[in-house]
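Asker: Using only what follows, build the 3D model:
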Amino acid sequence: MAEAAEPGYSSVGFRAMFFMLTPNESSYQELDDVPQYVQQATPFFVGLMVLEIVVGLLKTGSPVVTISDGLTSVSCGMISRIPLLFMRSCELTAYMFVWNRYRLLDLPWDSAWTWWLTFVGVDFCYYWVHRLAHEVSIIWASHQVHHSSEYYNLAVALRQSLTQQFTSWVFYLPMALIAPPTVFAVHIQLNLLYQFWIHTELIRDLGPLEWVFNTPKHHRVHHGRNEYCLDKNYGGILIVWDRLFGTFAEESDKVVFGLVFPINTFEILYVQLHYYLYLWRRSKTFKSVGDKLSTFFKGPSWSPGKPRLGDHVDNPEVTGQEVPHDPSWPLPLQLYVVVHFLMALGTYHDLFENKMMLSQVTVLGMSGYVLLTLTSLGFIVDQRPTAAFLEMLRCVVMVTMQWCGCMKPLLPSLAVPTEAFVSLSLLFWALQSFSRLLHIKKKAD
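Answerer: Presented below is the predicted three-dimensional model:
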């Protein structure tokens, strides 16, 4: 059935982001035939982010994204996909298991009715996935990653959690009782893709569409830390679920973005995992087993004596004058971080492109290198005292990978300059580390 879409195939990735595909061109009989819509849309992600930066500069005179925050957002997106190198999507694996053993209906895969029913079902399930991610602390520990930026731009849409995928699959299992896996595989991607373009401040109001669909205006509220914004507007594609279940809020006062308690760091592992450590430490302050468990399974604002979701009494007051965390750092260092990030991005792309031809050891090693790079660059942005030592170690790993042929230059013509640049990087950070050690020794004496 989907063969009819071949003439317009080049535009599928773009239209998928706006839920502009028809049932006729996106229905498949076999799961292996379902396109990787997210992968097809990647060039359009980049194009729209560049367009947003240009329009933002022309419209406001200031950048909509900083290097430090933007790279952190993209890094989170990269890390969130690394588990896919080692296993199939949790959502699809669990879905197939339930479908094969417990399905109640055999709806036709090529029916428009099945397609639209699955769209509504997936979006309804997403509403509850998203809502519980805000109302259950242990799930919030993963979802808070997406809310950790104090900016609101298209790059923030890529700021995804490494761990949330290991819990969200449970909420889609009811769909496996009736909807064919191929149709579900289409809609789980379309639902995610739609939510990319709504992460922008440049689109203010879409008129009558605001009544039915989730839009940038509604989603800005969801990302706000103003009290009227908290725990509101959970919808994926449709905003009607929030209107039905009492979680809708209209944008009014200036929205201040980010977590209620900003983390003020760009170190990627801390961004991803810090809240788990916080919950563990907090649970240890309680004596009863019930209170310890409630720390993980009640709301993030809960404490003994408060209702399940807690309250906002202890939240810092939002005045509208808050300034996002944006530490100053030298321009040469910014250029260094950007260049090395692009090199890591090239390795990351090669890894996903060739994963079926690489050994598990090679995949593990390249994944570790990407993770080490993103961590080390975060240390540099944060200007941590240990950044020089970690970056020197990373450069040693990078030189080793070049010798082993596991790391390719961004362009074949840049092979020699890339090797020279990596060697100079290693020398620079070795000298920085030596200088740092001398400083520590003098301080100790």
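
Asker: Would you mind listing the buried residues in the lengthiest helix in the chain?
Answerer: For the chain, the longest helix by residue count, based on DSSP state H, is helix 415-444. Buried positions in helix 415-444, judged by neighbour count with 16 or more other CB atoms under 10 Å: Thr418, Phe421, Val422, Ser425, Leu426, Trp429, Ala430, Ser433, Arg436. C-beta: built from backbone N, CA, C; applies to glycine.

Asker: of the residues you listed, closest to Gly56?
Answerer: For these, the closest approach to Gly56 (CB to CB) belongs to Phe421, at 30.8 Å.

Asker: Now do the same for the residue lying closest to the closest one once chain neighbours are set aside: its pLDDT.
Answerer: Leaving aside its chain neighbours, Phe421 sits nearest to Val339 (7.4 Å; criterion: CB to CB, 6 or more residues apart in numbering). On the pLDDT scale, Val339 is placed at 95.

Asker: any idea which helix or strand carries Val339?
Answerer: helix 331-353 (DSSP states H and E).

Asker: what angle sits between that helix and helix 415-444?
Answerer: 120 degrees (axes from the mean of the first three to the mean of the last three CA atoms, to 10 degrees).

Asker: could you give the angle of the next helix or strand after helix 331-353 to helix 415-444?
Answerer: Sequence-wise, the next helix or strand downstream of helix 331-353 (DSSP H and E) is helix 360-382. Interaxial angle, helix 360-382 versus helix 415-444 (the same axes, to 10 degrees): 60 degrees.

Asker: Buried residues in whichever helix or strand comes after helix 360-382, which are they?
Answerer: Proceeding N to C from helix 360-382, the next assigned helix or strand is helix 387-404, under DSSP H and E. Across helix 387-404, burial judged by 16+ other CB under 10 Å covers 387-392, 394-395, 397-399, 401-402.

Asker: ok, now stretch 24-35?
Answerer: For stretch 24-35, the neighbour count (16+ other CB under 10 Å) marks Glu25, Ser26, Ser27, Tyr28, Val34, Pro35 as buried.

Asker: Identify, from the buried residues of helix 415-444, the entry nearest to Ser303.
Answerer: Relative to Ser303, the closest of the buried residues of helix 415-444 is Arg436; by CB to CB it sits at 42.0 Å.

Asker: Tabulate the CA atom coordinates of the helix or strand His218 falls within in PDB.
Answerer: Element membership of His218, judged by DSSP H and E, is helix 216-222. C-alpha atoms of helix 216-222 as PDB (Å, rounded to 0.1, in the frame of the first residue of the first chain):
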ATOM      1  CA  PRO A 216       4.600  26.100  20.400                       C
ATOM      2  CA  LYS A 217       2.300  28.400  22.500                       C
ATOM      3  CA  HIS A 218       1.000  25.400  24.600                       C
ATOM      4  CA  HIS A 219       4.300  23.600  24.900                       C
ATOM      5  CA  ARG A 220       6.100  26.800  26.100                       C
ATOM      6  CA  VAL A 221       3.800  26.600  29.100                       C
ATOM      7  CA  HIS A 222       4.800  23.000  29.700                       C
END
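
Asker: Averaged pLDDT, that helix. What do you get?
Answerer: The average of the pLDDT scores along helix 216-222 is 98.

Asker: Repeat that for stretch 135-152.
Answerer: Stretch 135-152 comes out at a mean pLDDT of 98.

Asker: Please identify the buried residues of that stretch?
Answerer: 135-152.

Asker: Trp128 reaches Leu173, doesn't it?
Answerer: No: taking contacts as CB atoms under 8 Å, Trp128 lies outside contact range of Leu173: 11.9 Å.

Asker: coming back round to it: what is the next helix or strand after the helix holding His218 packed up against?
Answerer: Downstream of helix 216-222, the first helix or strand assigned by DSSP H and E is helix 240-245. Here helix 240-245 touches helix 112-135, going by 3 or more CB pairs under 8 Å, 6 or more residues apart in numbering; DSSP states H and E.

Asker: Quick check: buried residues in the helix it packs on?
Answerer: Neighbour count says helix 112-135 has 114-115, 117-119, 121-135 buried, by 16+ other CB under 10 Å.

Asker: Contact partners for Val212?
Answerer: Leu238, Ile239, Val240 (CB atoms under 8 Å, 6 or more residues apart in numbering).

Asker: swap the cut-off to 10 Å and go again
Answerer: Gly235, Ile237, Leu238, Ile239, Val240, Arg243 (CB atoms under 10 Å, 6 or more residues apart in numbering).

Asker: what residue ranges in the chain are flagged as low confidence?
Answerer: 1-10 (pLDDT under 70).

Asker: 80 - rerun?
Answerer: For the chain, the stretches with pLDDT under 80 are 1-10, 87-89, 405-415, 443-445.

Asker: any idea how it splits into domains?
Answerer: Split into domains by automatic domain parsing, the chain comes to 2-245, 331-444.

Asker: ranking those by burial, who's on top?
Answerer: Mean neighbour count, computed with mean count of other CB atoms under 10 Å, is highest for domain 2-245 among the domains of the chain, reaching a mean of 18.

Asker: What sits closest to the residue most central in space within the chain if chain neighbours are left out?
Answerer: The centroid of the chain falls nearest to Gln160 when counting by CA atoms, centre = their mean (1.6 Å). Distance criterion CB to CB, 6+ apart; nearest residue to Gln160, sequence neighbours excluded, is Ser80 at 3.9 Å.

Asker: Ok, Ser252 next?
Answerer: Tyr228 (6.7 Å).

Asker: One more: Tyr95?
Answerer: Excluding the flanking residues, the one nearest Tyr95 by CB to CB, 6+ apart is Ala176, at 4.7 Å.

Asker: Quick check: the one you found vs Ala16, distance?
Answerer: 23 Å (CB to CB, to the nearest Å).
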